[in-house]
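In: predicted structure and sequence below. I'll ask about it afterward.
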Amino acid sequence: MAETKVKAAPKASNSAKKSSTTKAASKPKEAAAEPVRQPDSMLPPSNPEAKEATGAPKASSPAQPEFPKETYMTWYEQMQLMRKFEEKAGQLYGQQKIKGFCHLYIGQEACVAGAVSALQKGDKYITAYRDHAHPLALGTSPNAIMAELFAKATGCSKGKGGSMHIFDKEVNFVGGHGIVGGQVPMGAGLAFAEKYNKTGNLCICYMGDGAVRQGALHEAFNMAMLWKLPVIFVVENNGYAMGTSVQRTSNVTELYTMGESYDMPSEPVNAMNVEDVHYAVARAAERARAGEGPTFLEFKTYRYKGHSMSDPAKYRTKEELEDYRSRDSIEAVRHTILTHNMATEEELNAIDEKIKAQVQESVDFAESSPYPTADELYKDVYVQQDYPYIRD
């Protein structure tokens, strides 16, 4: 993808705080049982009457596009690949061709696409177990990722990691981690290595909103600030830690404010908007490369599916889900492309068909690939090839 020169926008204000809530006057038990509407002060209110035939709000299409055509086309193709790949993975899970855990990224695509366009080759990426989309945007073959979901030997983790442990050293994607919050200190460690080796690169470390309750986060934040590590911490706040609303787990619902305890530059980001994600990550990257240390970004986003494939998501209303769907990041980019004549409907449909074929090819590849042989159990345990005692 062609590099996009971005002028850093002013840092978002940290003065916006949550509004006070009114205590229920009666039946507190029954009120507590109702689904809790997620706070989304960073997102524009949906307005169905202001939408064009493309399904995107008019507000998403400025008088002049903020980026070149190449960037919008790349975003569209990347996000469509993530979406179609995940939709297919969901279907295959239902057919029991994919087993174990499976956490889909549908709805959150802009969190990755906007970051990849803002960073440079050599930067490291690490995330939790909702990890299929990141390597797709970085260039990992869909064949290798789908084969990994099938637990096949041709998978990017040789069939040993499955959905939650995707890795690809070639594109600097360092996982895919199943322990909640476990990747946060590892992200700081990756950044330490980049600083120690004077590479000029950084690490972007993603986590879910449930991970900010882990003690390791605070230890990592403290060390990262103390040593001014080139790391961008990102909490993908999709509103629910598994199925529990943020308001029910913490008095602090504006999660970005947690970084301020360490004097870490922190800001909320409308992560349903790929442009906003790009700008926020570009600002954070500029600080990191200048030796100014880490940044904490709260990506306010939403997942259209449950926490995992086994989650029916009964803790939220259909109205809430449809409200977020009306602000879909892919449709917003599509709307911008069409509005500014960057491509025609036919050209975008051709991209969609290409991606559909690409995803089907990955399924065919995975189904025809062999499972790992039994002796693979003893490989990749230690760097030293002849390490003793593995079999004893």
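Out: Everything's here; your move. Numbers count the residues shown, from 1 in each chain.

In: so how far is the longest helix anywhere in the chain off the chain centroid?
Out: Longest among the helix segments of the chain by residue count, using DSSP state H, is helix 69-94. Distance of helix 69-94 from its chain centroid, counting by CA atoms, centre = their mean, to the nearest Å, is 13 Å.

In: make residue 1 into 39 and carry on from there
Out: Taking 39 as the first residue, the last one we looked at is helix 107-132.

In: what packs against it?
Out: For helix 107-132, the elements it packs on are helix 147-156, helix 171-176, helix 180-187, helix 367-377, helix 383-406, judged by 3 or more CB pairs under 8 Å, 6 or more residues apart in numbering; DSSP states H and E. All C-beta atoms are positioned from the backbone trio N, CA, C, and that covers glycine.

In: off-centre distance for the third one?
Out: To tie it back to what came earlier, the one meant is helix 180-187. Computed by CA atoms, centre = their mean, the chain-centroid distance of helix 180-187 equals 18 Å.

In: wait, doesn't G216 sit right on Y167?
Out: Yes: using CB atoms under 8 Å, G216 is in contact with Y167, at 5.1 Å.

In: find residues that contact each of these two.
Out: Common neighbours of G216 and Y167 are listed as 139, 202-203 (criterion: CB atoms under 8 Å, 6 or more residues apart in numbering).

In: V218 - how many residues pack around it?
Out: Neighbour count for V218, taken as other CB atoms under 10 Å: 18.

In: kindly report the same for R251.
Out: R251 - counted by other CB under 10 Å - has 12 other residues nearby.

In: quick check: it vs D161, distance?
Out: 27 Å (CB to CB, to the nearest Å).

In: likewise E399?
Out: The gap separating E399 from D161 is 29 Å, by CB to CB.

In: comparing those two, which residue is more hemmed in?
Out: D161 (25 against 14).

In: wait, doesn't M380 sit right on P103?
Out: Yes: if you go by CB under 8 Å, M380 and P103 touch, sitting 7.5 Å apart.

In: higher neighbour count, the two?
Out: Using other CB under 10 Å, the more surrounded residue of M380 and P103 is M380, with 19 against 16.

In: quick check: the more buried one vs K122, distance?
Out: 21 Å.

In: just to check, Y131 is in contact with G138?
Out: No: taking contacts as CB under 8 Å, Y131 lies outside contact range of G138: 9.2 Å.

In: among those two, which residue is more densely surrounded?
Out: Set Y131 next to G138 and count neighbours by other CB under 10 Å: Y131 wins out with 20 against 12.

In: show me what contacts that one?
Out: 137, 140, 347.

In: most surrounded residue in the residues you listed?
Out: Within the contacts of Y131, most neighbours by other CB under 10 Å means C140, with 22 neighbours.

In: you'd agree it is in a helix?
Out: No: C140 is assigned coil when assessed by DSSP: H, G, I helix; E, B strand; the rest coil, not a helix.

In: which residues touch it?
Out: C140 neighbours (CB under 8 Å, 6+ apart): 127-128, 131, 187, 201, 346-347.

In: one more time with 7 Å
Out: By CB atoms under 7 Å, 6 or more residues apart in numbering, C140 lies in contact with 127, 131, 201, 346-347.

In: report the two of these separated the most.
Out: Spatial extent of the contacts of C140 (CB to CB) is set by the pair A127 and S346 at 11.7 Å.

In: residue boundaries of the strands in the protein?
Out: Ranges of strands within the chain are 162-164, 241-246, 269-275, 278-279, 282-283, 304-308, 333-338, based on DSSP state E.

In: out of the ones you listed, which gets nearest to Y425?
Out: Between Y425 and the strands of the chain, the tightest spacing by CB to CB is seen for strand 162-164, at 25.9 Å.

In: what helices or strands is the closest one leaning on?
Out: helix 221-234, strand 241-246 (3 or more CB pairs under 7 Å, 6 or more residues apart in numbering; DSSP states H and E).

In: got the contact list for P410?
Out: With contact set as CB under 7 Å, 6+ apart, P410 has these partners: 191, 196-198.

In: mind running it again at 8 Å?
Out: Going by CB under 8 Å, 6+ apart, P410 touches 189-191, 196-198.

In: now, those that are in helices?
Out: Counting by DSSP H, no part of the contacts of P410 is found in helices.

In: circling back: filter the shared contacts of G216 and Y167 down to the buried ones.
Out: Among those, the ones that count as buried by 16 or more other CB atoms under 10 Å are 202-203.

In: any chance of the shared contacts of G216 and Y167 in JSON lines, plus pLDDT and distance to V371?
Out: Listed next are the shared contacts of G216 and Y167 as JSON lines, based on pLDDT from 0 to 100; distance: CB to CB, whole Å:
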{"residue": "F139", "pLDDT": "90", "distance to V371": "30"}
{"residue": "M202", "pLDDT": "93", "distance to V371": "28"}
{"residue": "H203", "pLDDT": "94", "distance to V371": "30"}
